[in-house]
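Undergrad: take a look and give me a structure for this.
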Amino acid sequence: MESQSTAGRANQKLRTRTAIVRAAAELSRTGREVTMPEVARAALVSEATAYRYFPDLVSLLREAVVGQLPTPEEALEPVAGSDDPVERVAAVTEFLLRHVLARQGVVRAMIAATVIRPGDAAARPGLRFGLIDHALSPLAETLEAADPAALAQLKRDLAVVVSAEALFGLTDLHGLDPQDAITSIVHTATTLTRAALREHAATGYPAAPGGSGSPAR
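TA: Now for the predicted structure:
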């Protein structure tokens, strides 16, 4: 009898935890600000109960967004047949920023948490880095082989602009419309990529795939 009671309590705890995670996941897709009280209401539990399962909002959100992050292949689907790094960078930049806009409540919460607690930054999903790596993969046999430091620098440069922080800086601080902000960031990302390709070509190394003449997007 006691074992049945123990099993019942364990099952109830699992159901409660699952309900909290599911509520957070559903709210994250709305793009609205996500708070622990709002998650608790959606899960039909008290805020205190939600905090018993998750010490803070960010730890809950990390679990809630598992499985929601898109793959590099999804991001590059519109240019899947292209090996032009400029075109590929434009595609992943726009894809990432639209993904951020659609889930900006969660993204803002995670950014805020890592600003307050920099030590937690490693646990924040690093979607941009995988997208940038995949976009620049056609350079693996040219620029990386000839000048790995140059490719590493380009990836760092792109990480600064292909980011939620850059998007929110333009919309929140500069007052740009989200579409205008995306257009501006795509322009910056492709300009950086073209500049790196031109410098690569000027060194006399073999030309990178796709060249550097793709139109800005």
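Undergrad: what mean pLDDT does the host helix or strand of A48 get?
TA: For A48, the enclosing helix or strand under DSSP states H and E is helix 47-53. On average, the pLDDT along helix 47-53 is 96.
Undergrad: surely A91 meets G81?
TA: No. Taking CB atoms under 8 Å as the contact criterion, A91 and G81 are not neighbours in contact, 11.6 Å apart. Where C-beta positions appear, they are placed from N, C-alpha and C, glycine not excepted.
Undergrad: neighbour count winner among the two?
TA: Shown here are A91 and G81; by other CB atoms under 10 Å, A91 has more neighbours (22 against 6).
Undergrad: identify the residue nearest the geometric centre of this structure.
TA: Relative to the mean C-alpha position of the chain, the nearest C-alpha, by CA atoms, centre = their mean, is the one of L127, at 3.7 Å.
Undergrad: show me how far stretch 28-35 is from its chain's centre.
TA: Using CA atoms, centre = their mean, to the nearest Å, we find the averaged C-alpha position of stretch 28-35 to lie 15 Å away from the chain's own average C-alpha position.
Undergrad: cool, and stretch 159-172?
TA: On the basis of CA atoms, centre = their mean, the separation between the geometric centre of stretch 159-172 and that of its chain is 11 Å.
Undergrad: go on, stretch 137-156?
TA: Relative to its chain's centre, stretch 137-156 lies at 22 Å (CA atoms, centre = their mean).
Undergrad: mind checking the end-to-end distance for it?
TA: Length of stretch 137-156, first residue to last, CA to CA, to the nearest Å: 15 Å.
Undergrad: check stretch 173-181 too.
TA: Between where stretch 173-181 begins and where it ends, there is a gap of 11 Å, by CA to CA.
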